[in-house]
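Undergrad: next come a sequence and a model predicted from it.
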Amino acid sequence: MKKKQSGFTLIEMLVVIGIIGILAAVLFGGYRYAVRSARKAKAVEAVSNAKDALEMLFQRSEGWPRALFSSTKEGKFRVMDAKVAKTLFKHGLLGVDCKKTGDQGTLDDYKLRGVDRFGIADPWAQDVLKRDKNGKATLSTSVPSGGTIQNHLIYFAVDEDDDGFVTEAEGAPAKKVRAKAIAWCAGEDGVLGLNGNGAEALKARADNVYSWQRGQEDR
């Protein structure tokens, strides 16, 4: 009498492998969603902190420093580039990683370091800069989620005429926002998409992160 052999059949093994694959896909999808949600939350915090820092800068400087208005523009929007980051550092704001290297009284006396070496970047660009141990990154370095480091610097606009609103003429991506200063970033894809109403522009706008709420905005 033959002894019955125990073990898995080929079909049973394929079923088990299939179940494991489904579970892995679900877990990986959940992990990716958690990572994206965490970065989005960091971006919300980043633009809010940038806005608060600009408002404090106005108070400490008793006006807007000229460096804000000579900052590099991405299209028609001002960005928190190296000049802005150094100005914030001089006033002890936003915890900018910077070192004073001279005593001439100019922004050239300061050297930005770490994730702040190109200016105030959003979390997606910061992740790239943290991994750039050899300091080879440039503003044109690609960010895996989309765009370049330049596209992932935080944008800003301020109330230049002191009327309690930041307007479109002052560089806001809205006609009027009730605030002293505002900040925003392009989100994961690095694209603002503020021009046009096509599917791509709407998708890009949905990804943007703003420091203001709809209640402050008058379009």
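TA: The structure has been received and is ready for your questions.
Undergrad: average model confidence for whatever helix or strand Gly18 lives in?
TA: In this structure, Gly18 is located in helix 10-61 according to DSSP states H and E. Mean per-residue pLDDT for helix 10-61: 85.
Undergrad: tell me the phi and psi of Arg117?
TA: phi -70, psi -10 (degrees, to the nearest 10).
Undergrad: pLDDT weak spots in this protein?
TA: For the chain, the stretches with pLDDT under 70 are 1-8, 28-33, 219.
Undergrad: what about the strands in it?
TA: 73-74, 77-79, 98-100, 110-112, 155-158, 166-167, 176-177, 181-185, 209-210, 217-218 (DSSP state E).
Undergrad: now stretch 39-47: how far from the chain's centre is it?
TA: On the basis of C-alpha atoms, centre = their mean, to the nearest Å, stretch 39-47 is displaced by 7 Å from the centre of the chain it belongs to.
Undergrad: which residues sit in contact with Leu57?
TA: Leu57 makes contact with Trp64, Pro65, Thr87, Leu88, His91, Leu93, according to C-beta atoms under 8 Å, 6 or more residues apart in numbering. Glycine gets a C-beta too; all of them are placed from N, C-alpha and C.
Undergrad: could you do Lys51 as well?
TA: Here Lys51 is in contact with Phe156, Ala179, Ala181, Ile182, Ala183, Ser211, Trp212 (C-beta under 8 Å, 6+ apart).
Undergrad: with distance to Asp122 as extra columns, can I get the residues you listed in a markdown table?
TA: Formatted as a markdown table, those follow (distance: C-beta to C-beta, whole Å):
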| residue | distance to Asp122 |
| --- | --- |
| Phe156 | 12 |
| Ala179 | 19 |
| Ala181 | 17 |
| Ile182 | 15 |
| Ala183 | 10 |
| Ser211 | 12 |
| Trp212 | 16 |
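Undergrad: export these to TSV and tack on distance to Met80 and neighbour count?
TA: TSV is the format used below for these (distance: C-beta to C-beta, whole Å; neighbours: other C-beta atoms under 10 Å):
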residue	distance to Met80	neighbour count
Phe156	6	27
Ala179	16	21
Ala181	11	24
Ile182	12	28
Ala183	7	25
Ser211	12	23
Trp212	16	20
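Undergrad: between the residues you listed, which is nearest Val128?
TA: Comparing those against Val128 with C-beta to C-beta places Ala183 closest, at 20.2 Å.
Undergrad: ok, now how distant is the closest one from Trp124?
TA: From Ala183 over to Trp124 the distance is 16 Å, taken as C-beta to C-beta, to the nearest Å.
Undergrad: check Gln216 too.
TA: 25 Å.
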